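In: have a look; sequence and predicted model below, questions after that.
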Amino acid sequence: MATKFFGTPVKRREDRRLLTGGSQYTDDLQLTGMVHAAIVRSPHAHARIRSVDVEAARSAPGVVAVFTGKDMEGVAGIPTAWLIPDSDLKTTDHPALARDRVRYVGDGVAVVLAEDRYQAEDAAQLVQVDYEILDAVADQVKAVEEGAPQVHDDAPGNRCFLFNTIQGGDLDQAFEDADDVLSFRTTNHRMIPSAIEPRGCVAQYNAASGELTLRMTSQNPHIHRLLLSIVLGVPEHKVRIVTPEIGGGFGSKIAVYADEAVMAFCAMQTGRTVKWVETRRENFQCTTHGRDHVTDVEAAYTNEGKILGLRFKTWANMGAYVSTAAPGVPTWLYGLMLSGVYDVPAVGLEVVGVFTHTTPVDACRGAGRPEATYLLERIVDLVAQRVGLDPVEIRRLNFIGKEKFPHAVAPGVIYDSGDYDAALDRLLEMVDYEAFRSEQAEAREQGRYLGIGLSTYVEICGLGPSSIVGSTGFQGGLWESSVVRVHPTGKVTVMTGANPHGQGEETTFAQVVGDVLGVDIDDVELVHGDTDLVPMGMGTYGSRATAVGGIAAFKAAQKVVEKASKIAAHQLEAREEDLEFEDGRFQVKGTDQGMSFQDVALQAYLAWNLPQGLEPGLEAQSFYDPSNFVFPFGAHACIVEVDAETGQTDIVRYVAVDDCGEVINPLIVDGQIHGGIAFGVAQALYEHAQYDESGQLLTGSMMDYAVPKPGQMPSFELDRTVTPSPVNPLGLKGIGEAGSIGSTAAVANAVADALSPFGIDHVEMPFTPQRVWQAIQQA
Amino acid sequence: MQLSGTHRLALSRLRVWQLLNDPQVLARATPGVKTLVRDGEDRFKAELELGLGPVRGVFAGQVEVRDKQEPSDLTLRVEGNGSVGGIRAEGKLRLEEAGQETLVHYRGTALVAGTLASFGSRLFSGVARKLAAEFFENLQREGNE
């Protein structure tokens, strides 16, 4: 295949409409006869509902209908789609509107429909809910203690699950052979994904045809179609999910939420088109959060700095209900990566999933892998310090050597490829590590505290081989599908089920397909986000869109070329093997006989002269199911300066070398890394979702939850190494989450390094001035 | 949230006790109280208007006086709900004689819920202290009349 577009920095084709206001988001939709919904939400983390009085709301101006949990009794509960085997998982009932108990601040109690949003909001305030306030618990470690308030009657001790399937190697032997053991407890605090566009939904029901259409913010419309069909009892083929432009997801638009089911129910009950868009406060309270682990670490190591075994016990806060993919995040996506880039012979993990009176937790950019990387990178730095090694040396000593790939790691997966030394070499060169160490020593003499943090990470991406994800309890296959449709004029429509929401697929998929078909990328349009147009798909998350969805498009395009080649050979009266296809032209080798791809397309539809038995038309579909996950990796370095007087941490430099295999579009890869690093740095320095002891979300607004502004980020210095994945024909991996997986740990290690003159080797995130200052005072 | 403090009133202990047990006085002295209606022995229905930073709202609730030990001790329990959230507070008051004057010690806990919590919690302890100060100033004025 000639690669005219593959690997080139084509500008994102979607940006023109995004930057000029030409996009249409869910909230932009104005449909005839539309009514607006407002949801009455619990102000209490835990309360019994004594009564709900909706009479005043019903008679308020403009109100069309009011529904409560009782009205929705016939609607099935909100499902969980990742049922971890051998884990005692309790998914518990999750009604779309609470019936007798509310279990977190923001739990929906009633919904008001009115002619406009203002009337709906005003009337929602008239709904009188009589609550008997009950004790609540927000912290997962407290929630499993004796006598803690119970979230669900059928989950005793607030235990959602106990997972201890990941046990690889001989742990006892490792700890016996060790010279010493490092033990510590650390928290990976809760994050709120905070997509700029909140969630929203416009629901339409045609009672005559029985068709339900939901235009909604979704990373995975086909999954939403299937699960909402089950919840609402509308047959799957009568449900259509359309995703208008999506303003970011970061994992928060994967889940099936109660709210969308409520809107569908309202549309079905009233026959009106119902629109609901979250307020920012609802987004903080009701859209899934991420992370929130407390972990006890034990690391067995030798005096030479070799890590022999790792034992982890994690309490994962699941929130009040088990969200759609939530059980898979603190178990598989986290546990499988708990040896990281290191050749650790034995790894054991026990995870207690815990119900608390908080917003449900689900995937959040990186989903489990940033948590694993943070632990491992802290472990290697702490061990290095104890055995007197430099952070670079301990990494090199423990890396899985590049000659060992494909490599089966103790937690139980096979890494496809890797060259961790190469990424680290390039990083150190860019940083000029030796020079920095001298600069650091000089600065310390002047009372300035510089620190460098390294983070060498690997992630599990390209989710994933269906048979493997099936064995983990995921209730679906994680193949991806694509249709490549060539029109009679030779223009091309590519359909993908890997629904983009900021990943630039309209550009990268066109680059891939354009190369295969030999057509210009401007002649290729990507269609996505409509279950009636796109035959099938599993969505975009887990850095899978390109490595799985892109390959499906590639393979569908190859099928198109195969058929086109037959037509061309027939028309040119040549044998197929005598044809060569280059730059969009079929040519009979060694002659001037040939025809363009566009001419073949026209002939395919005219069908006047096709080979015997060949169907007219020119399109092909592919379902691509990868044989393995892909394992992107990289090395990040963060240099910080900590002001010992104020505790303020400033990032001086941020350097990253990432390896996502072959690169379709370097501009887009850089953009994904920028966003990812910002996400991870923000966790380390700024963002922290906090509840008080009664389960009130204290960080419930942009004033209180510190999503960073661009000025709070340094200019990133980026480079790449290229280690193609052997899993797929294009050597692709994934890059959407890499930045957030590598960066949090880099900042954490940098802060610890900066504070080492004070005898501090560890500070808990986020590194707010107050925390750092306190650590210095207590040192 | 824990709240505690002490206020000095230039009034005798008995006078302070009487003021604290007079619903009319309480209604006038408590900041934000729009109405206070007796709803049984030592129980009142109240309507309050309060603002915490960007959050303002009207709360409907109950005030209950408990554990009375004349003339020195009582417990106040306040529960209110409104469009911007809810509040539940309990405070013990102890009146201590200090010559001609009285020291009022208070100690209690307050839970706020809803918008009030997510927007206003940073401001809550400051506002609570200010409201307490206002209350005792008003009580002093009531006692002077």
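Out: Yes, it's here. Residues are numbered from 1 along each chain as shown, chains lettered A, B, ... in the order given.
In: report the secondary structure state of residue A:304.
Out: coil (DSSP: H, G, I helix; E, B strand; the rest coil).
In: residue at max distance from the center of chain B?
Out: Relative to the centre of chain B, the most outlying C-alpha is that of residue B:99, 24.8 Å out, by CA atoms, centre = their mean.
In: er, chain A I mean
Out: residue A:591 (51.7 Å).
In: leaving out chain neighbours, which residue sits closest to the residue nearest in space to the middle of chain B?
Out: What sits nearest the mean C-alpha location of chain B, by CA atoms, centre = their mean, is residue B:30, with 6.2 Å. The shortest distance from residue B:30 to any non-neighbouring residue, by CB to CB, 6 or more residues apart in numbering or on different chains, is to residue B:135 (5.8 Å). Glycine gets a C-beta too; all of them are placed from N, C-alpha and C.
In: just the pLDDT at that neighbour, thanks.
Out: Listed pLDDT for residue B:135 reads 91.
In: repeat that for residue A:2.
Out: Value for residue A:2, per-residue pLDDT: 63.
In: residue A:634: which element?
Out: Using DSSP states H and E, residue A:634 falls within strand A:633-642.
In: and the next element down the chain from that strand?
Out: Heading C-terminal from strand A:633-642 (DSSP H and E), you reach strand A:649-659.
In: taking strand A:633-642 as reference, get the angle to that following strand.
Out: Here strand A:649-659 points in a direction 170 degrees away from that of strand A:633-642 (axes from the mean of the first three to the mean of the last three CA atoms, to 10 degrees).
In: so what secondary structure elements neighbour strand A:649-659?
Out: helix A:420-431, strand A:633-642, helix A:666-685, strand A:716-720, helix A:738-754 (3 or more CB pairs under 8 Å, 6 or more residues apart in numbering or on different chains; DSSP states H and E).
In: quick one: closest of these to chain B.
Out: helix A:666-685 (19.5 Å; CB to the nearest CB).
In: how far away is the residue farthest from the centre of chain A from chain B?
Out: Distance, residue A:591 to chain B, by CB to the nearest CB, to the nearest Å: 75 Å.
In: residue A:307 now?
Out: Taking CB to the nearest CB, one finds residue A:307 at 43 Å from chain B.
In: count of neighbours near that residue?
Out: 26 (other CB atoms under 10 Å in any protein chain shown).
In: please apply the same query to the one 5 residues further on.
Out: Residue A:312 has 23 neighbouring residues, counting by other CB under 10 Å.
In: that one against residue A:297, yeah?
Out: Yes - the criterion here is CB atoms under 8 Å, and residue A:312 meets it with residue A:297 at 6.0 Å.
In: give the helix, strand or coil label for the residue nearest to residue B:30.
Out: Going by three-state DSSP: residue B:135 is helix.
In: check the burial of it by counting its neighbours.
Out: 19.
In: so what's the residue in the stretch 651-779 of chain A positioned nearest to chain B closest to, chain neighbours aside?
Out: Nearest residue of the stretch 651-779 of chain A to chain B, counting by CB to the nearest CB: residue A:700, 2.7 Å away. Once flanking residues are discounted, residue A:700 sits nearest to residue B:118: 2.7 Å by CB to CB, 6+ apart.
In: just residue A:508 next, same as before
Out: The nearest residue in space to residue A:508 (CB to CB, 6+ apart) is residue A:664, at 4.5 Å.
In: I'd say that neighbour and residue A:511 touch.
Out: Yes - under the contact definition of CB under 8 Å, residue A:664 touches residue A:511, with a separation of 5.4 Å.
In: okay, the two: which has more neighbours?
Out: residue A:664 (28 against 23).
In: show me what contacts that one?
Out: A:6-7, A:508, A:511-512, A:546, A:550, A:730, A:732 (CB atoms under 8 Å, 6 or more residues apart in numbering or on different chains).
In: before we move on, the earlier item: mind telling me what element the residue nearest to residue A:700 is part of?
Out: helix B:115-144.
In: just the angle between the strand holding residue A:634 and strand A:716-720, please?
Out: Using the same axes, to 10 degrees: strand A:633-642 against strand A:716-720 is 160 degrees.
In: low-confidence stretches in chain B?
Out: For chain B, the stretches with pLDDT under 70 are B:53-54, B:120-122.
In: what bridges to residue B:60?
Out: residue B:47, residue B:81 (DSSP bridges).
In: so it makes contact with residue B:82?
Out: Yes - using CB under 8 Å, residue B:60 is in contact with residue B:82, at 6.6 Å.
In: so these two - more neighbours on which side?
Out: residue B:82 (23 against 15).
In: wait, what's in contact with the nearest residue to that one once chain neighbours are set aside?
Out: Distances taken as CB to CB, 6+ apart put residue B:59 closest to residue B:82, at 3.8 Å, once the chain neighbours are dropped. If you count contacts by CB under 8 Å, 6+ apart, residue B:59 has them with B:47-50, B:80-82, B:86-87.
In: show me just the buried residues among those.
Out: Buried members of those, scored by 16 or more other CB atoms under 10 Å in any protein chain shown, are B:47-48, B:50, B:80-82, B:86-87.
In: pick the one among the residues you listed closest to chain A.
Out: residue B:86 (5.3 Å).
In: is it fair to say the closest one lies in a strand?
Out: Yes - secondary structure of residue B:86 (three-state DSSP): part of a strand.
In: counting neighbours, what do you get for the nearest residue to it once chain neighbours are set aside?
Out: Spatial nearest neighbour of residue B:86, excluding adjacent residues (CB to CB, 6+ apart): residue B:113 at 4.3 Å. Number of residues near residue B:113 (other CB under 10 Å) recorded here: 26.
In: kindly report the same for residue B:5.
Out: If we define neighbours as other CB under 10 Å, then residue B:5 has 14 of them.
In: what bridges to it?
Out: residue B:106.
In: buried sites along the helix holding residue B:118?
Out: B:115-121, B:123-124, B:128, B:132, B:135-136, B:138-140, B:142-143.
In: by contact count, what packs against it?
Out: Looks like helix B:115-144 contacts helix A:280-286, strand B:2-9, helix B:13-20, helix B:23-29, strand B:43-52, strand B:55-69, strand B:85-98, strand B:101-113 (3+ CB pairs under 8 Å, 6+ apart).
In: now with 7 Å, please.
Out: strand B:2-9, helix B:13-20, helix B:23-29, strand B:43-52, strand B:55-69, strand B:85-98, strand B:101-113 (3 or more CB pairs under 7 Å, 6 or more residues apart in numbering or on different chains; DSSP states H and E).
In: figure out which of these is closest to residue A:462.
Out: Closest of the helices and strands packed on helix B:115-144 to residue A:462 is strand B:101-113, at 43.6 Å (criterion: CB to CB).
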